[in-house]
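K.L.:
Would you be able to build a 3D model of this:
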Amino acid sequence: MDWHAVTILRKNIKKLSKSTKNSVQEKFPDRTTEFKKCIRDMSYILQAISTCIQSNDTTAIDHVIKMFYLGGTLRLKYIHAELYAYDILKDKIYDLFDTNNISNESKDIVCNCIELLKYHIENGYDESVTQWDNRRNYKVYDNNFVIPTSFQSKAETILQNCPLQNCGHNQFAILKLLPSDLEIKEFLFKNFFLNNKTNFHEAAIVTCPIIYLAMPCPEDTTLMLDKNLYQWESKLTAIGIHGGALLNETLNAGYDFSYIGCRTEKLKKSVTSLWIEICKNRWNFSTSSDNSWPVVAMCIGKGIRDSESEQKYTCLNGETFPYLSTPHKTDLIKKNIIYE
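P.N.:
As a prediction, this is how the structure comes out:
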């Protein structure tokens with residue numbers, strides 16, 4: 001929490017509200033005859049954003065969003081003017097923060113709050129719907145969507161600092177795939193991340209912009225893990241804890257997250273050798289001699305749902321492979337049962 005950002009923002013609520021109102025009034029003079037209410041609404045929003053920076057979540061802005069709805073109906077008449085106002089407000093806050101040397105982390109929270117406002121103004125708001133209620137394990141992502149480097153840094157801080165027991169056998173390595181690694185992604189998509197029973201490949205691997213591969217450590221030999229199954233289970237638990245922490249942060253930031261663990265059981269030695277070579281050349285990472293492949297892929301991006309369930313992906317070399325798009329939400333309910 002950047003208390004300096006909170007203080008600066010709260011001190012300038014009145015000034016920012018009036019200047020934003022003036023910009024909206026100039027562009028949309030017929031929007032309303034009660035521009036004082038515009039100033040009031042902007043003040044509510046600014047106060048909520050400052051609280052979000054203070055608490056490092058979006059709870060306060062969620063409460064403001066509810067105020068724009070009455071019985072599930074949006075109380076605003078001119079959405080285009082509202083969206084314009086929020087963009088102007090964000091720019092003014094950025095200028096204020098730049099003048100006062102406020103960190104990019106606080107600016108990211110401002111951006112998240114503004115994007116949440118715009119999203120719910122355009123798409124509606126259901127009080128019962130949260131990021132978790134609406135979560136999908138997307139199979140297809142928008143490959144043109146850009147994940148800010150600031151959030152990538154936050155994600156990697158989580159992966160590096162999430163709790164981990166000191167015993168060595170639960171440690172694992174993380175390889176990061178970027179949008180520029182499309183050839184490597186297609187190699188994994190083609191040869192590894194596929195379902196042998198259905199012959200469908202996992203399209204998230206080639207469409208998601210940022211992917212973190214959880215890898216066994218070089219010292220993880222089959223002999224060591226066969227002697228004590230607990231060691232392997234401990235490693236899987238550690239990966240799950242790290243992935244869960246990253247998942248929560250990703251959803252709170254407004255992005256989508258998928259675990260991709262479906263992988264082929266049939267691999268030629270030549271394919272494995274090529275993957276070992278890729279790891280060495282791309283990341284200077286020496287894989288385990290007995291456990292060379294990823295345990296799971298953690299994908300971050302903006303999920304999309306294709307219009308058809310079964311699709312074809314065309315690789316850079318022209319080869320095509322079948323994949324399944326994200327099914328309907330009703331087909332994805334895998335909720336835990338809570339006993340009281």
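
K.L.:
Tell me where the stretch 101-250 of the chain has helices.
P.N.:
104-123, 149-161, 182-191, 204-207, 222-227, 229-252 (DSSP state H, counting those that start in this stretch).

K.L.:
Identify the residues contacting the fourth one?
P.N.:
In other words, helix 204-207. When contacts are defined by Cβ atoms under 8 Å, 6 or more residues apart in numbering, helix 204-207 is touched by residues 138-143, 182, 185-186, 188-189, 193, 211, 258, 260, 297, 299, 301, 313, 315. Any C-beta I mention is one placed from the backbone N, CA and C, and that applies to glycine too.

K.L.:
again with the last one
P.N.:
By Cβ under 8 Å, 6+ apart, the residues outside helix 229-252 that reach it are 57-58, 112, 131-132, 135, 154-155, 158-159, 162-165, 167, 169-172, 212, 214, 216, 220, 224-225, 256-257, 259, 295-296, 298, 300.

K.L.:
Filter the residues you listed down to the ones in strands?
P.N.:
Counting by DSSP state E, the contacts of helix 229-252 place 212, 214, 256-257, 259, 296, 298, 300 in strands.

K.L.:
Now for the residues you listed: which two are most distant?
P.N.:
In terms of Cβ to Cβ, the ones in strands among the contacts of helix 229-252 reach their longest pairwise distance at Ala214 and Asp256, which sit 18.4 Å apart.

K.L.:
neighbours around Asn284, how many?
P.N.:
Neighbouring residues of Asn284 were enumerated by other Cβ atoms under 10 Å; the total is 7.

K.L.:
For it, list the residues it contacts.
P.N.:
Shown here is Asn284, which makes no contacts under the criterion Cβ under 8 Å, 6+ apart.

K.L.:
can you check Pro209 too?
P.N.:
If you count contacts by Cβ under 8 Å, 6+ apart, then Pro209 has 141, 143, 145-147, 178-179, 300-301 around it.

K.L.:
How about Gly254?
P.N.:
For Gly254, the set of contacting residues under the criterion of Cβ under 8 Å, 6+ apart consists of 112, 115-116, 119, 131.

K.L.:
ditto for Cys299
P.N.:
Contact partners of Cys299, counting by Cβ under 8 Å, 6+ apart, are 138, 141, 204-205, 208, 210-211, 257-260.

K.L.:
Outline the domain layout of this protein.
P.N.:
Here the domain assignment for the chain is 3-123, 140-327, based on automatic domain parsing.

K.L.:
Next, find the distance separating Ile174 from Val296.
P.N.:
When distances are taken as Cβ to Cβ, to the nearest Å, Ile174 and Val296 turn out to be 11 Å apart.

K.L.:
Who are the contact partners of Ala253?
P.N.:
Contacts of Ala253 were listed using Cβ under 8 Å, 6+ apart, and they are 108, 112, 151, 154.

K.L.:
one more time with 10 Å
P.N.:
Listed by Cβ atoms under 10 Å, 6 or more residues apart in numbering, the contact partners of Ala253 are 58, 108-109, 111-112, 115, 131, 147-148, 150-151, 154-155, 300.

K.L.:
hmm, back to that, please identify the most buried of the helices of the stretch 101-250 of the chain.
P.N.:
Here the criterion is mean neighbour count by mean count of other Cβ atoms under 10 Å, and of the helices of the stretch 101-250 of the chain the winner is helix 204-207, at a mean of 26.

K.L.:
any idea of the mean pLDDT for that helix?
P.N.:
Mean per-residue pLDDT for helix 204-207: 94.

K.L.:
Stretch 92-111 too?
P.N.:
Computed over stretch 92-111, the average pLDDT equals 89.

K.L.:
same deal with stretch 302-312?
P.N.:
What stretch 302-312 shows for mean pLDDT is 77.

K.L.:
For that stretch, list every residue counted as buried.
P.N.:
Residues 302-304, 311 are the ones in stretch 302-312 that count as buried (16 or more other Cβ atoms under 10 Å).

K.L.:
What would it look like as PDB? C-alpha coordinates only.
P.N.:
Below are the C-alpha coordinates for stretch 302-312, written out as PDB (Å, rounded to 0.1, in the frame of the first residue of the first chain):
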ATOM      1  CA  LYS A 302      -7.800 -12.600 -21.700                       C
ATOM      2  CA  GLY A 303      -9.900 -15.700 -22.400                       C
ATOM      3  CA  ILE A 304     -12.300 -15.900 -25.300                       C
ATOM      4  CA  ARG A 305     -15.000 -18.400 -26.400                       C
ATOM      5  CA  ASP A 306     -15.000 -19.500 -30.000                       C
ATOM      6  CA  SER A 307     -18.300 -19.700 -31.700                       C
ATOM      7  CA  GLU A 308     -17.800 -23.400 -32.500                       C
ATOM      8  CA  SER A 309     -16.800 -26.100 -30.000                       C
ATOM      9  CA  GLU A 310     -14.300 -27.900 -32.300                       C
ATOM     10  CA  GLN A 311     -11.800 -25.800 -34.200                       C
ATOM     11  CA  LYS A 312      -8.500 -26.200 -36.100                       C
END
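
K.L.:
Great, nothing more from me.
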